[in-house]
Structure formats: C-alpha cells, structure tokens
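**Student:** Next come a sequence and a model predicted from it.
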Amino acid sequence: MRALVWHGKEDIRCDEVSDPEIQDDRDAIIKVTSCAICGSDLHLFHNLIPAMLPGDIVGHEMMGEVVEVGRGAAGALQKGDRIVVPFTIYCGECDQCRRGNFSVCERSNRNARIQENVFGHATAGLFGYTHLTGGYPGGQAEYVRVPFADRTHIKVPDSLSDEQVLFLGDILPTGWQAAVQCDIKPTDTVAVWGCGPVGQMAIRSAVLLGAKQVIAIDRLPERLGMAAAGGAVAINFDDESVIERLDELTGGKGPDACIDAVGMESHVGFAQPDTVYDRAKQMMMLENDRGHVLREMIYVCRPAGVISIPGVYSGLVDKIPFGLAMNKGLTFRMGQTHVNRWTEGLLKLIEDGLLDPSFVITHTASLEDGPEMYPLFRDKRDQCVKVVLKP
Amino acid sequence: MTFLSQFARSERDPRLLKSGSGSLGLPDRLAKGLGWFSLALGAAELFAPGRITRPLGLQGKETIVRAYGMREIASGLLSLSIDKKAGLWSRVAGDVVDLVTLFNAMRPGARRNENLTVAMVVVLGVTLLDLLSSTAVTVAHRRPAGSFKRYADRSGYPQGVEDARGAARGRGMAGAG
Ligand SMILES: NC(=O)c1ccc[n+]([C@@H]2O[C@H](COP(=O)([O-])OP(=O)(O)OC[C@H]3O[C@@H](n4cnc5c(N)ncnc54)[C@H](O)[C@@H]3O)[C@@H](O)[C@H]2O)c1
Ligand SMILES: [Zn+2]
Ligand SMILES: [Zn+2]
C-alpha cells in the first residue's frame, strides 16, 4: 500500500510499504477513506519531538471502512462498518479508562517501559506519533491497523459525509475539551491563542458553551477572519498589543480563561523577543519548547482564572513565571485529548445541525500530493488552514 | 538521545518497500548541502587556521580566521535547521565579509596576490550559489502577498452564530471535566 512516511526533518515521502496485518485479537484493519494533516504532525515534520525513526508512517486523524476484524473485536465491529479512528488508543478496561482518562490509558502503549523511564509514567498509545507513545504506524495511508479496535473507534452514520465527521477523531474533541476545561459561565470571557484548526474548534466550542465573549489571537488575517466568522473578536498580534487589547476588551479584568492552541512552536519574531531567545536555545538543545504563549497567558489571565492547554509541549520550557501563576491562583488544565469521552455529545451536535466541522477544510488532495501539502500547511501558503487527504 | 537506540519497529508493522516522491524540494536540498559545507569549512577554519592563512600569505591572522570559523559553523547550523532562510542569508553576508577581507589583503606587487585572486574567484562562485539558494528558499516558502481570503462565510454553525451561542448549554455535555 501507499503511505506517508517520515524520513527525517522536513522529509515526508509517499512510499510503497507492506500492508498492515492483524497482530492481536482485538485489532481491526481499516481502509482509509479520508485523513488529515494536524498541527501536531508539524512538530514531527520539524523533528522537535524525539523518538521518531526513519520509516515511520505518520498521521493520526483518519477514518474509513473496516475490512478485517480480529476475533476479540468481532462483537463490537464488523466488516463494512464506517468508523472514525480516535488518535488516542485505549483499552477501555484499565483504571484510567474507567475514569474516562483515555489519553493516559495504562495498557495501550506498547513501549510503556521506555516511556516510564523518561516521563515517570506511561501514557496511552498514539497513532503515527513517535515510539515513546507506542510507535504505532499512522493513518496517512491506504490502510491502518487499529489496536484495541473494539473500543478505539467511533461509529458514524452514513447520513453524514467524511468531512463532517472526520474531526471527531482529534481536533473537534481537542477544541471541545479545551473549552470544557475552562468551566465557562455565562459572564465569562475566553481568550484563545492560535487560530489554527484546534483554535477554530476551541472558539466554536466556547461559543456553543455560552461564553459571553470569545477572543481569538493570531497573526494570519485569513485565520482571524475564520475566527470572527465563528463568533470571536479578533486580535492580530502583528498589528496590536495582545495585552493592551485584552485589557480593553475585559475592562482591565483580564480573560476568565485562556486557551493555548499554539503549543511549542510559537511564532518567532523580533516583536516578541523571548521567542528569538527560545529559538536560539531550542537550536542548541538547551530547551525543548518556546513558551511565549504560556508567559503571555499567565500575565494577562484574570486572577483565579483558568489556563487550558491543548497545544502540545514536548519537554523543558524556560522562564515560566510560576510565581505569578501561584499568587494569582490560576488553575492549569491540559493534556492529550480523551477523545472518546466527548464523542456522543459532539456527534449529536453535528447530527442536530448545530455544528458542521467541515468549515475548517481549505485544501483537499490525494495521498501522493501529501508530501507537498506538509510544507504548504506549515508555510500557511494559499491561506491553508486544514488539509484533508484522500488515499 | 541514547534512549533512541532502545526503540525498534515491530516486526509485523508495515515495512518500507519503495521510496516515492518527498516533501524536500530542490531549494531545501541545496540548503542542506550548503549547511554541511559551512560546517566543514567552519571546522577547518577553527581547528586548522594555518592551512588557510599560509597559502594566502596571511600568517598572524589565525585568530580572525578562527572567528570566521565560528561564524561559518553558526551559519551552517542555521542553514540545516528549519530556519534555513536566515542561515543562507547569513552565509551571503559572510561571503561579503570574506571577499572584503581577501581584497584588503592584496598589496601591489606581492607574490600572494595570485593565490588571493584564486581564493576570491572561488568565494565569488560560492557567493553566487548562496544567493541563488537563499532566493530559491525564500521564494519556495513565501506566503505570496495579495488578496487574502477572509473565510467570512465559514462560521461552522449551520443555523448561524446567534443561534449557536450557548446552544450546547444544558445538553449535559459540559460536565465530566
Ligand atoms: N492536546 C491534543 O490532544 C492536541 C490535538 C491536536 C493538536 N494539538 C496541538 O494543538 C496545537 C495547534 O494545532 P493546529 O493544528 O491548530 O496547528 P497550527 O500550526 O495550524 O496552528 C497554530 C496557530 O498558532 C498561531 N500562533 C503562533 N504563534 C502564536 C502566538 N504567539 N500567539 C497567537 N497565535 C500564534 C499560528 O499563526 C497558527 O495559526 C499544536 O501544538 C498541536 O500539536 C493538541
Ligand atoms: Zn492531531
Ligand atoms: Zn486503558
């Protein structure tokens, strides 16, 4: 089959690889009909997250048709079922899964031993996302093996198109969880840093959850335009001071909740000198992540407010004003998304016509064109916001 | 990164059969080549400056050559990173500094002028390559200015923004944080 394969920094190729096979009773094989490129894939594209091996198949946002089912998954899945695959692989039986903490499932990471040494504890297995989280081949491919498939799936009705349901596997629940973590009250202002696909979903979620005001921060006019269309007030940090504008919009109080939908690769510019310093340290391997957004959020957030972090960080971040956070009494909530915890409600929102996540798709391409879509999405060329690939 | 060696791909996972087209364009590959060249030249300047000063008749200037070596290594690392545009343009700037240094070392009738001229021709050639490569990388990854789409019609709410506000409240979805 054909698949997008990681060969090194900025080097993704559409390669011919052998087909996946059932390895365990609870596996299923999916014929992928649609998959997408995620901002998290860019961190891999830039080789900023350790433990990728040349030859790894990438991709963790995919859906398709079940073509083979292991005996252990046969009760839950059948050949021909149409499913979205959540990017977090979960067993459904361990203590964490029983608590709904699927992204820290205690069983699904097959490299748990090694990750424990680095992280203290293991987290769930993820598709196409480094060997620390199990090294499971990803879904930017014609076929993908889904482990623990009896649980790790989302069945979707035929009445909805691929484009309407694909994002149930990652960015929609990610934006949703980010907003839920804010405990939004009708009087709240929620500020969202980053208007990429995750930020867009977080904005929609905060609006649906009834925030009084949602503010969107980015520098790309087309993404800010899309944020405004979704009901947010836009701040372009290239043109205006984020802190001053947020103070203005909240009568000096600061946002009640701040969502970081940017993560470790905050835009580097001389207008944010700390990002240049972070970039230099990153290059000399003195620091893993650029913490600009975290610093800004901690500074501007209303005391006793919430900092919600869906943006991915990989390791050590410097110069975090923790004293400010402590004295202001801020609450931090973060994590890889517990995808299936939110499935039922979100699918219902889509079915009821309250939300149609396909609005975010700006580019559709074949799998062969996938390698070209990576730099296009990274460079934000052609006003690209989200790429969907059709294997 | 020694812990990387602990990882192996599972035997039964898909194996690479044949490599296909990739994301690295020609400008990116040229940048990579120049980056490695920078590192090699920089290391030579840093650790064996005499090899460079002697043929050029620049004995006594080893410290300057060492400093240039450090500059060269910095440019190399930057050219090999995702900020290759900055790296390549820093190489162009470095080339100009090299040319000026070589030119200033010329003395009327001196025997070293011949070698200095050869060196300048070589550096000039590299400068052209650097210019070409910086321009190519800049163009390849640029966001062309002009008419931006604003996606004003992409609210994502089939029933409109106003109906969406608070619509998920009371659906019993927000809990379980
Ligand atoms: N927690 C999870 O489970 C999960 C799931 C999916 C994605 N993610 C992460 O979410 C983040 C965003 O993903 P995406 O797909 O939207 O990526 P993206 O790269 O398309 O979007 C990032 C956006 O942030 C903007 N930005 C950069 N610096 C900024 C700054 N200082 N202030 C405000 N905006 C800034 C960029 O212009 C860009 O529009 C990534 O880190 C990704 O890894 C996390
Ligand atoms: Zn993702
Ligand atoms: Zn589990």
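**Tutor:** Cool, the structure landed. Residues are numbered from 1 along each chain as shown, chains lettered A, B, ... in the order given. Ligands and ions are numbered 1, 2, ... in the order given.
**Student:** Residue A:218 - how many residues pack around it?
**Tutor:** Neighbours of residue A:218 under the rule other C-beta atoms under 10 Å in any protein chain shown: 24. For the C-beta atoms, the positions are set from N, CA and C on the backbone; glycine is no exception.
**Student:** Repeat that for residue A:44.
**Tutor:** Counted with other C-beta under 10 Å, the burial measure for residue A:44 works out to 23 neighbours.
**Student:** and it, how far is that from ligand 3?
**Tutor:** If you measure residue A:44 against ligand 3 using C-beta to the ion, to the nearest Å, the figure is 24 Å.
**Student:** in a strand, that's where that residue is, yeah?
**Tutor:** No: using DSSP: H, G, I helix; E, B strand; the rest coil, the assignment for residue A:44 is helix, not a strand.
**Student:** Does it touch residue A:133 like I think?
**Tutor:** No: shown here, residue A:44 and residue A:133 do not form a contact pair, counting by C-beta atoms under 8 Å, at 11.6 Å.
**Student:** what about stretch A:268-287, distance to the chain center?
**Tutor:** Taking C-alpha atoms, centre = their mean, to the nearest Å, one finds stretch A:268-287 lying 23 Å from the centre of the chain it belongs to.
**Student:** And stretch B:50-58, by the same measure?
**Tutor:** Centroid separation between stretch B:50-58 and its chain, computed with C-alpha atoms, centre = their mean, is 29 Å.
**Student:** for stretch B:35-50, what is the average pLDDT?
**Tutor:** Throughout stretch B:35-50, pLDDT has a mean value of 97.
**Student:** dump the residue contacts of residue 82.
**Tutor:** In the absence of a named chain, chain A is used. Contact criterion C-beta atoms under 8 Å, 6 or more residues apart in numbering or on different chains gives A:63, A:64, A:65, A:66, A:155, A:156, A:158 as the residues in contact with residue A:82.
**Student:** wrong one, I was asking about chain B
**Tutor:** With contacts taken as C-beta under 8 Å, 6+ apart, residue B:82 has the following neighbours: A:9, A:10, A:46.
**Student:** I'd like the next helix or strand past the lengthiest helix in chain B.
**Tutor:** Identified as the longest helix of chain B according to DSSP state H is helix B:113-140. Proceeding N to C from helix B:113-140, the next assigned helix or strand is helix B:161-164, under DSSP states H and E.
**Student:** how about the residues of the stretch 201-350 of chain A that lie near chain B?
**Tutor:** When proximity is defined as C-beta under 8 Å from any C-beta of the partner chain, the stretch 201-350 of chain A approaches chain B at A:204-205, A:207-210, A:221-223, A:225-226, A:228-231, A:268, A:279, A:283, A:333, A:341-342, A:345-346, A:348-349.
**Student:** how about 7 Å then?
**Tutor:** Among all residues of the stretch 201-350 of chain A, those adjacent to chain B (criterion: C-beta under 7 Å from any C-beta of the partner chain) are A:204, A:207-210, A:221-222, A:225-226, A:229-231, A:283, A:341, A:345, A:349.
**Student:** so of these, which ones are in helices?
**Tutor:** Among these, the members falling in helices (DSSP H) are A:204, A:207, A:208, A:221, A:222, A:225, A:226, A:229, A:283, A:345, A:349.
**Student:** Take those and lay them out in JSON lines including neighbour count.
**Tutor:** Conversion of those to JSON lines gives the following (neighbours: other C-beta atoms under 10 Å in any protein chain shown):
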{"residue": "A:204", "neighbour count": "32"}
{"residue": "A:207", "neighbour count": "27"}
{"residue": "A:208", "neighbour count": "27"}
{"residue": "A:221", "neighbour count": "17"}
{"residue": "A:222", "neighbour count": "21"}
{"residue": "A:225", "neighbour count": "20"}
{"residue": "A:226", "neighbour count": "33"}
{"residue": "A:229", "neighbour count": "20"}
{"residue": "A:283", "neighbour count": "16"}
{"residue": "A:345", "neighbour count": "18"}
{"residue": "A:349", "neighbour count": "25"}
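**Student:** now, among the residues you listed, which is nearest to ligand 2?
**Tutor:** Of all these, the one with the least separation from ligand 2 (C-beta to the ion) is residue A:204, at 16.7 Å.
**Student:** Right, I'll leave it there.
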